[in-house]
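Undergrad: Any chance you could fold what I've pasted below:
(chains A and B)
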Amino acid sequence: MAPAWLALKLAQLVVGVFDGPIRWTTVATFHLFAPIVRRFPGPILIGATIGACLLVWAHALLFSYVDARVLAAAGAKGLSAATPFSHESPSTWGLTPSMIAAALTGAPGASWSGALGYLLWPLQFGIVRDLVGLGALMGLFNLIPMYTIWWERKVAGRIQSRLGPMRVGGWHGWSQSAADGIKLLLKEDLIPADADAILFRLAPYLAIIPSALAFVALPFGNNYVFRELDVALVFTLGVLGIEVVGVILAGWASNNKWSVYGAMREACQMVSYEIPMGMTLLVPVVAVGSLNLAEVVADQSGGWFSWLAFRNPFTFVAFVCYFVASLASCKRAPFDLPEAESELVAGFHTEYSGIRWSFFFFAEYAAMFVVCGLAVILFLGGWNSPLPSSWAEPVSTAFGDGVLGRLMAQGVNGLLIAGPIWFIVKCVFFLYVQIWLRWTLPRIRIDQVLYACVQVMLPLTMLLLLGNTLWVWASTSESGAWATFALVTCWVMGTIGAIFALAFPAIAAYGFYHRRRLVGNLAVDALPGS
Amino acid sequence: MVHELSGGGAAGSAFGAVREPKRSFTGSESIRGTTRSLTVAALMKNANRSLMAAGLIVGTIAVGGAPSLASEAGGANAQTAADVTTAVSGGLMEILLFYFVAAATAVSALGVCISRNIVRMATWLFMALGSVSMLYFMLAANFLGAIQLIVYSGGTLVLLIFGVMLTSKSPWVKFECGTGEMAAAGVVCGALFGCLCSLLTRAVWGGTQQVVAGPELSAIGERLLTVYVVPFEVAGVLLMIVMVGAAHLARQEE
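TA: This next block holds a predicted model:
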């Protein structure tokens, strides 16, 4: 017997002592909470979502509060306030709790200033703030694939006039993905006898780590970013590009005909579509003149008509091109050849099972969110709402100068003018479009994929880049006629975009209103609101 | 019935071993008990794996956080004793990370030489180039690091594809090199090693080097299109010629 096997048995023995109690506790918890969840599923889901948003907001407010207060304490100590105390400076000011408490006297919560001093003390260390940020990133990285997969199954069901997951959790199968996760954890882990075992094990990590790294420099709002890089765009593109290494290695190491075919298709697709994708992203970069994503968003803060997609015809077409190329880079339909079920069994992950298999899906769905995020940041105003930022309530005067007034003004501005919630809503909309396309469009052949890239998209993106550069160059002139022309073009593009944006809910409402004409009775009776 | 385990650790026969579920059925064990123990084993293995992935991700992100740490550790902000302490501790962390990444680079580079399988070689090379980009990030050369990631790690990707295309018919083809090739490689490597050694002995290691922030990105772009425009364009034309030539060679005869 191998020593590892003996160690496993020993561990089982240790776990076995707790096996019964753990099982009883789990069952009791289930019996306690299942009826509540079953009775009030909607309120719980909505409450959890709102609670999570509030938590993030509270966290941001706490940080800004710490910034102000601790900075005051540092100033009292004689430290220079030249280096702002922000998320980007992971050093510490070397303050003691009593110093923070002293700085807090006179603040609204002054009666608790002693306790607050101790509470706020750890937040002056960069590593603590980094850990908080990492926790948020990892949580998001886990939640996005889980709920996108559930959502994809629901949307697929509705498009095909069936129900999708309905049982687990009680309300429209909302915890189906969690149950699937437990199933995948329990699944038998197989490695084919003729596989290259080391590379077979390595491949899922090479797929999942780059897609997690892509979140490092992706900003969700002003200062809602883990590391603000001046080359954030290049960095994100780079890590998204190396995700495919995991897919190729997985296909090759499986030593399976279908896996290798899937991997080679993915490689062809990826290597060719990376070029139009990068070049379309250059169009907004040239228009703004910066690779820093925060600066690109700040340039679009003037409301709907200042979003980069509507700035000139070239950026508008570039946005469409980018979206198509990003579908190909995430291997989404109609470019899902690497995992074409009807041709290649399951493509590159045919031989994978259990948690390794799910790593590929985590990578894919997280990368979907990241490419949508890049599209939103570079073309559609990022975290700006359609209202111009000059309409924002002045923080100190709108609702009074007190703490409550400031909070209210910040909340109103965050909801109406610019805030992470807008970024997430836009990203989720484009995630929905990706899902919708997958269940609508047929898969195209690999030669058509490559033809579309090399002979259609590549020349088109070159023309777009050239045209946009000329447009930017012309805009530097002082000519009044050109300024009028540019303004009119911008308004025309913006109106076209607005028509698209308004047509979507209108058509959806029409379909919902006439749903009984479209589908059979089975699905209709379970639709919400019917 | 005792199921013979297929042995063969991870280091031994790399692709020979069947990773069967490790069963040992005995007569007395009930089916239910066996299922449960198998389930527990699978759960533990898989949970272990996801923990490992989480650890790897957190570690990599932590390394990604190093540049700002490095730039902060410079003496510019050190005004008080507390700040100096921070700078030193930041420096220590940076040094540890540097040794870790440097070791990863060296091991991966060695792996490229030692492995005989072309896909494994390309994987090692991918890791070596990725570690080098991490070194760039640690030196606050963000642009260089990102470009290294795109150009070199992306280039290794193409190499990987070629490896897969070359070996997908006969999966475990081994590469052997002749004596002449070994001798030539040895001469080149020895010359390079000698040069590096002489450089190292002549270098001036001036105390504590301060980390300076990388140049502004716009400055790089401006230089490329003004001062260095001729080499930049020449390199572009050269790449264009290479691409046209490759396309011509790859064309089928008509």
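Undergrad: lowest-confidence helix or strand of the chain?
TA: No chain was given, so I picked chain A. helix A:521-526 (a mean of 54; mean pLDDT, DSSP states H and E).
Undergrad: wait, chain B
TA: Lowest-scoring helix/strand for chain B, mean pLDDT, DSSP H and E: helix B:66-72, at a mean of 38.
Undergrad: Pull up the distance across stretch A:290-309, start to finish.
TA: End-to-end distance of stretch A:290-309 (C-alpha to C-alpha, to the nearest Å): 16 Å.
Undergrad: close enough to count as contact, A:Arg438 and A:Cys330?
TA: No: A:Arg438 is beyond contact range of A:Cys330, at 10.3 Å (criterion: C-beta atoms under 8 Å). Just so you know, the C-beta spots here come from the backbone N, C-alpha and C atoms, and that holds for glycine as well.
Undergrad: Comparing those two, which residue is more hemmed in?
TA: Comparing A:Arg438 with A:Cys330 by other C-beta atoms under 10 Å in any protein chain shown, the one with more neighbours is A:Cys330, at 24 against 19.
Undergrad: Check whether the more buried one really touches A:Ala363, as I assumed.
TA: No: if you go by C-beta under 8 Å, A:Cys330 and A:Ala363 don't touch, sitting 9.6 Å apart.
Undergrad: residue ranges for the helices of the stretch 401-530 of chain A, please.
TA: With helices called from DSSP state H, counting those that start in this stretch, the stretch 401-530 of chain A shows them at A:403-416, A:420-438, A:446-451, A:458-475, A:480-513, A:515-518, A:521-526.
Undergrad: Out of those, which gets the lowest mean score?
TA: Here the lowest mean pLDDT among the helices of the stretch 401-530 of chain A goes to helix A:521-526, at a mean of 54.
Undergrad: Most proximal residue of the stretch 401-530 of chain A with respect to chain B?
TA: A:Val454 (10.5 Å; C-beta to the nearest C-beta).
Undergrad: Identify the residues contacting that residue.
TA: Listed by C-beta atoms under 8 Å, 6 or more residues apart in numbering or on different chains, the contact set of A:Val454 reads A:Ser272.
Undergrad: Which positions in the stretch 201-350 of chain A make contact with chain B?
TA: Within the stretch 201-350 of chain A, the positions lying close to chain B (C-beta under 8 Å from any C-beta of the partner chain) are A:202, A:204-205, A:208-209, A:212-213, A:216, A:226-227, A:229-231, A:234-235, A:237-239, A:241-242, A:244-245, A:248-249, A:251-253, A:255, A:260, A:263-264, A:267, A:270-271, A:274, A:289-291.
Undergrad: how about 7 Å then?
TA: Within reach of chain B by C-beta under 7 Å from any C-beta of the partner chain, the stretch 201-350 of chain A has these residues: A:205, A:208-209, A:212-213, A:216, A:227, A:229-231, A:234-235, A:237-239, A:241-242, A:244-245, A:248-249, A:252, A:255, A:260, A:263-264, A:267, A:271, A:291.
Undergrad: Would you mind listing which of these are buried?
TA: Using 16 or more other C-beta atoms under 10 Å in any protein chain shown as the burial test, these include A:205, A:208-209, A:212-213, A:216, A:227, A:229-231, A:234-235, A:237-239, A:241-242, A:244-245, A:248-249, A:252, A:255, A:260, A:263-264, A:267, A:271, A:291 as buried.
Undergrad: Tell me which entries of those lie within helices.
TA: Residues of these located in helices (DSSP state H): A:205, A:208-209, A:212-213, A:234-235, A:237-239, A:241-242, A:244-245, A:248-249, A:252, A:260, A:263-264, A:267, A:271.
Undergrad: Could you check how far B:Ile147 is from chain A?
TA: 7 Å (C-beta to the nearest C-beta, to the nearest Å).
Undergrad: show me where pLDDT drops low in the stretch 101-250 of chain B?
TA: B:166-175, B:205-215 (pLDDT under 70).
Undergrad: Tell me how many other residues surround A:Asn256.
TA: 20.
Undergrad: ok, now A:Ser479?
TA: 11.
Undergrad: in the stretch 201-350 of chain A, what residue is nearest chain B?
TA: A:Gly238 (3.5 Å).
Undergrad: Which SSE is immediately downstream of the strand or helix carrying A:Glu152?
TA: Using DSSP states H and E, A:Glu152 sits within helix A:126-159. Sequence order places helix A:176-186 as the next helix or strand after helix A:126-159, per DSSP H and E.
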